[in-house]
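1. Fold the following and give me the result.
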Amino acid sequence: MEIRRGSKRLMIGLVIACGVVAVGSISILLVLRSWGGVALEVDPGVIREIRGLGQVVGEVSTGFTESDSIVVTDYVFLNVGDSSGPGALNSVSDSLREKGWSVVARPGYATQWQTDRWADTLLTVELIDKGKDFLDLDVEKAARDAMAKAGNPDRMLMAIVRRTDV
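-> Modelled structure (predicted):
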């Protein structure tokens, strides 16, 4: 009789433990599923407009998690024709102004832009050179491939675009 009571208590304990584990696992799965990470991507029209600024010689997208979102950053590598260096940046800047973009900052050899047509979108256009360091290996590979494809990297610009409503 003592063995049966011990076995019965052991079984009840195991059933309760399994129930607690099951409820805990289901709760964790529901939380992970509900978080899911909302992808914040720019409107496809922004990418089309950027592609129209020159000859596209490379593209890559990356994502990072911020708050409960996955912020997608798109990189478009452009060959802008006969202009090189600051002239290439000025040429693209003129085109962006004509399309309704406004300068919001000028950090170094880059210009940051926003437009009312795509609120919460930040576009950075910068010169790119062979010695540029990249924090992301996928972006570095895309940039190196684009420079090789462009033939003359002095005429290349990198357009970086992402949403800002995180």
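
2. contacts for stretch 156-166?
-> Residues from elsewhere that reach stretch 156-166, judged by Cβ atoms under 8 Å, 6 or more residues apart in numbering: 40-42, 46-47, 50, 53-54, 57, 66-67, 69, 71-80, 88-89, 92, 119-128, 143, 146-147, 150. Where you see a C-beta, it was placed from the backbone N, CA and C, and this is true even at glycine.

3. send the alpha carbons of it over as CSV?
-> Extracted in CSV, the C-alpha atoms of stretch 156-166 (Å, rounded to 0.1, in the frame of the first residue of the first chain):
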residue,chain,number,x,y,z
MET,A,156,30.1,56.0,-57.7
LEU,A,157,27.7,57.0,-54.9
MET,A,158,26.0,55.0,-52.3
ALA,A,159,22.4,55.7,-51.5
ILE,A,160,21.2,54.4,-48.1
VAL,A,161,17.6,54.5,-47.3
ARG,A,162,15.6,53.4,-44.2
ARG,A,163,12.4,54.2,-42.2
THR,A,164,12.8,56.4,-39.2
ASP,A,165,9.5,55.8,-37.4
VAL,A,166,10.9,53.2,-34.9
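
4. residue ranges with poor pLDDT in the chain?
-> In the predicted model, the chain carries pLDDT under 70 at residues 1-6, 10-11, 13-15, 17-36, 83, 130-131.

5. any idea how this structure splits into domains?
-> With automatic domain parsing as the criterion, the domains of the chain are listed as 1-36, 38-163.

6. so of these, which one's packed in deepest?
-> domain 38-163 (a mean of 16; mean count of other Cβ atoms under 10 Å).

7. And that domain, how far out from the chain middle?
-> Here domain 38-163 is found 12 Å from its chain centre; the criterion is Cα atoms, centre = their mean, to the nearest Å.

8. What is the end-to-end distance of that domain?
-> This stretch, domain 38-163, spans 12 Å end to end (Cα to Cα, to the nearest Å).
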